[in-house]
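>>> Starting from these lines, generate the structure:
(one chain, ligands or ions: 1)
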Amino acid sequence: MPITPDAELDLMFPPEQIPTEVKAALPSDLHIRPLASSDYRRGHLSVLSVLTIVTDPGEAAWVAQFNAMRAAPRTYYSVVIVDQSDKIVAVGTVFIERKFLRGLGSVGHIEDIAVDKNQQGKKLGLRIIQALTGISENSGCYKTILNCSDSNIPFYQKCGFEKKENEMAKYA
Ligand code: ACO
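Okay, the predicted model is just below:
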């Protein structure tokens with residue numbers, strides 16, 4: 001199946017919000033766009049499974065989660081890269097947190113970056129991070145942050161991030 005045009009998809013946010021320089025920097029056989037409500041069928045969860053163990057909730061629950069995220073305006077931005085067969089090969093999300101501090105500023109939180117094993121090392125991770133950082137900065141965020149393992153620090157440094165403070169977690 002060829003790449004489905006953006007105009008035929010039910011997208012999480014307007015595709016114009018992805019910086020044009022990032023779109024232009026991708027190889028011509030790949031396309032970056034917002035997550036679509038039909039992307040469960042394009043392998044969204046299978047790409048995420050390179051990041052962690054994925055429990056498949058089924059398509060209806062996946063779509064309900066998509067709709068819940070989209071219902072929060074200007075908050076969730078998930079992007080995907082699709083290949084010539086319309087299969088998803090890379091994914092990532094930025095979540096915009098509104099604050100009372102910093103002059104009622106906002107912070108972008110990058111989450112769940114994953115590139116299909118066969119496509120790693122081709123700068124797709126970099127393009128996803130550039131797209132999400134662009135969206136965060138264009139949303140007025142004064143910083144964009146993320147958590148990662150030690151082994152991914154060099155990747156994020158190549159994307160222009162620097163190590164700051166520590167992550168704390170309490171699992172339920
Ligand atoms: N160690 C050192 N350098 C690295 C690493 C690494 N682990 N990964 C990438 N790089 C370098 C590349 O060599 C490249 O350098 P160059 O510009 O000098 O050529 C640069 O970083 C950009 O790399 P990409 O080709 O864009 O990396 P890729 O497309 O493979 O994506 C990613 C990197 C996302 C880490 C991918 O390998 C992946 O999906 N890994 C498994 C899941 C994962 O760990 N996701 C990140 C979790 S953290 C989070 O989600 C916030």
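>>> give me the residue from the protein nearest the ligand.
Gly125 (2.2 Å; C-beta to the nearest ligand atom). For glycine as for every other residue, the C-beta is placed from the backbone atoms N, C-alpha and C.
>>> Which positions within the helix or strand hosting that residue qualify as buried?
Here Gly125, judged by DSSP states H and E, is contained in helix 124-138. Neighbour-count burial for helix 124-138 flags 124-136 (criterion: 16 or more other C-beta atoms under 10 Å).
>>> What is the least confident helix or strand in the chain?
helix 101-104 (a mean of 96; mean pLDDT, DSSP states H and E).
>>> I'd like to know which elements that one is packed against.
The helices and strands touching helix 101-104, judged by 3 or more C-beta pairs under 8 Å, 6 or more residues apart in numbering; DSSP states H and E, number zero.
>>> in the helix or strand following that helix, what's buried?
Using DSSP H and E, the helix or strand that follows helix 101-104 towards the C-terminus is strand 106-115. By 16+ other C-beta under 10 Å, the buried positions in strand 106-115 come out as Ser106, Val107, Gly108, His109, Ile110, Ile113, Ala114, Val115.
>>> Just the pLDDT at the fourth one, thanks.
To tie it back to what came earlier, the one meant is His109. Predicted confidence (pLDDT) for His109: 98.
>>> show me the contacts for it.
Residues in contact with His109 (C-beta atoms under 8 Å, 6 or more residues apart in numbering) are Val94, Phe95, Ile96, Glu97, Thr144, Ile145, Leu146.
>>> can we see that at 10 Å?
93-97, 132, 136, 141, 143-147 (C-beta atoms under 10 Å, 6 or more residues apart in numbering).
>>> Now do stretch 113-124: distance to the chain's middle.
Stretch 113-124 sits 13 Å away from the centroid of its parent chain (C-alpha atoms, centre = their mean, to the nearest Å).
>>> Same question for stretch 100-112.
Averaged C-alpha coordinates place stretch 100-112 at 16 Å from its chain's average position (C-alpha atoms, centre = their mean).
>>> just stretch 117-128 next, same as before
Relative to the chain's own centre, stretch 117-128 is displaced by 13 Å; criterion: C-alpha atoms, centre = their mean.
>>> go on, stretch 15-23?
Chain-centre distance of stretch 15-23: 13 Å, with C-alpha atoms, centre = their mean.
>>> Restricting to C-alpha, output it in CSV.
The C-alpha trace of stretch 15-23 is given here as CSV (Å, rounded to 0.1, in the frame of the first residue of the first chain):
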residue,chain,number,x,y,z
PRO,A,15,0.6,18.5,10.0
GLU,A,16,1.7,22.1,9.4
GLN,A,17,3.0,22.1,13.0
ILE,A,18,5.8,19.8,12.0
PRO,A,19,8.7,22.0,11.0
THR,A,20,9.2,22.1,7.2
GLU,A,21,13.0,21.8,7.5
VAL,A,22,12.5,18.4,9.3
LYS,A,23,10.1,17.2,6.6
